[in-house]
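Student: Show me the folded form of this:
(chains A and B)
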Number of protein chains: 2
Amino acid sequence: MEIKQIAEELVSLVREGKNKEAKEKFYSADIISIEGNGDKVEGIAAVYEKSNAWMSQIAEVHSASVTDPLVAADHFAIGIKMDITYKNGYRAVLDEIGVYDVNDGKIVAEQFFFKS
Amino acid sequence: MEIKQIAEELVSLVREGKNKEAKEKFYSADIISIEGNGDKVEGIAAVYEKSNAWMSQIAEVHSASVTDPLVAADHFAIGIKMDITYKNGYRAVLDEIGVYDVNDGKIVAEQFFFKS
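Tutor: Purely as a prediction, here's the structure:
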């Protein structure tokens, strides 16, 4: 599968709220995930753990949107916006860029850029 | 100046081949520049030096293009494509994503993602 197809299908799954399916389909077992503050986890299990820990703190998602992908040779970038209320009552609008590194049809790295 | 304006004006200057003017106008004196291989330089002088060293190796630019920017809260991403021949005769098509971090109207960091 070409990178453009992978990028478009990932975006399409995320738009349907199927983030877990997107990871299952495209993430490499050895994926590296880097947050905006530089925190880094390695391996699909650690990525699921991080994702589940974050989602468990969310009380309500008011809106969520993802831009069309910007595709280069073996990377693509998407803009991700989410308006959420955490279980502690704090409401936050997340507005970030995710950059994905594709190798052999799998996403081998993701890096997020957000307001620090 | 808002980030969207900065992103669009930077793209517009780069499309006119005015890369130096783009840096002079928008780069912070303390800019951090990170290459796809992780190499990092700090400060506008080091960024100019890196840029000049690279440009001095180019014999011919066959084509160059930049996508419209993808803008988030304080970051924007652009796709950059260049078809060049180096002075040693090697012809390369560069196809990369650049992510820029904007603070107080200045670009304070740039990070490039390309095929390693």
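Student: Determine which residue lies closest to the centroid of chain A.
Tutor: Residue closest to the mean C-alpha point of chain A, counted by CA atoms, centre = their mean, is A:Gly98 at 6.4 Å.
Student: Where does it sit: helix, strand or coil?
Tutor: The three-state assignment at A:Gly98 reads strand, by DSSP: H, G, I helix; E, B strand; the rest coil.
Student: how about it, what does it touch?
Tutor: The neighbours of A:Gly98, taking CB atoms under 8 Å, 6 or more residues apart in numbering or on different chains as the test, are A:Ala77, A:Ile78, A:Ile80, A:Glu110, A:Gln111, A:Phe112, A:Phe113. Placement of C-beta: from N, CA and C, glycine included.
Student: Out of the residues you listed, which are close to chain B?
Tutor: Restricting those to those touching chain B (CB under 8 Å from any CB of the partner chain) yields A:Ala77, A:Ile78, A:Ile80, A:Phe113.
Student: burial of the third one, as a residue count?
Tutor: Going back to what we said before, that points to A:Ile80. 18 (other CB atoms under 10 Å in any protein chain shown).
Student: what's the answer for the second one, then?
Tutor: Burial of A:Ile78 is recorded as 22 neighbouring residues (other CB under 10 Å).
Student: likewise the last one?
Tutor: By other CB under 10 Å, 25 other residues sit near A:Phe113.
Student: List the beta-bridge partners for it.
Tutor: Beta-bridge pairing for A:Phe113 (DSSP bridges): A:Ile97.
Student: Which two among the ones next to chain B among the contacts of A:Gly98 are spaced furthest apart?
Tutor: When the ones next to chain B among the contacts of A:Gly98 are compared pair by pair using CB to CB, the farthest-apart members prove to be A:Ile78 and A:Phe113, with a separation of 11.2 Å.
Student: which residues do these two both contact?
Tutor: Where contact means CB under 8 Å, 6+ apart, the residues bridging A:Ile78 and A:Phe113 through contact with each are A:Ile97, A:Gly98.
Student: Save the contacts of A:Gly98 as TSV, and put in pLDDT and secondary structure too.
Tutor: Conversion of these to TSV gives the following (pLDDT from 0 to 100; DSSP: H, G, I helix; E, B strand; the rest coil):
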residue	pLDDT	secondary structure
A:Ala77	98	strand
A:Ile78	98	strand
A:Ile80	97	strand
A:Glu110	98	strand
A:Gln111	98	strand
A:Phe112	97	strand
A:Phe113	97	strand
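Student: Report the contact partners of A:Val66.
Tutor: Listed by CB under 8 Å, 6+ apart, the contact partners of A:Val66 are A:Val11, A:Val14, A:Arg15, A:Ile78, A:Gly79, A:Ile80, A:Lys81.
Student: and it, backbone torsions?
Tutor: Note on A:Val66: its backbone torsions stand at phi -130, psi 140 [degrees, to the nearest 10].
Student: what packs against whichever strand or helix holds A:Gln5?
Tutor: Assigned by DSSP states H and E, A:Gln5 falls within helix A:3-15. With contacts defined as 3 or more CB pairs under 8 Å, 6 or more residues apart in numbering or on different chains; DSSP states H and E, the secondary structure elements packing on helix A:3-15 are helix A:19-26, strand A:58-66, strand A:70-71, strand A:75-86, strand A:91-103.
Student: rerun that using 6 Å as the cut-off
Tutor: Using 3 or more CB pairs under 6 Å, 6 or more residues apart in numbering or on different chains; DSSP states H and E, the elements in contact with helix A:3-15 are helix A:19-26, strand A:58-66, strand A:70-71.
Student: on that earlier part again, name the nearest of the contacts of A:Val66 relative to chain B.
Tutor: The shortest separation between chain B and any of those is 5.1 Å, and it belongs to A:Gly79 (by CB to the nearest CB).
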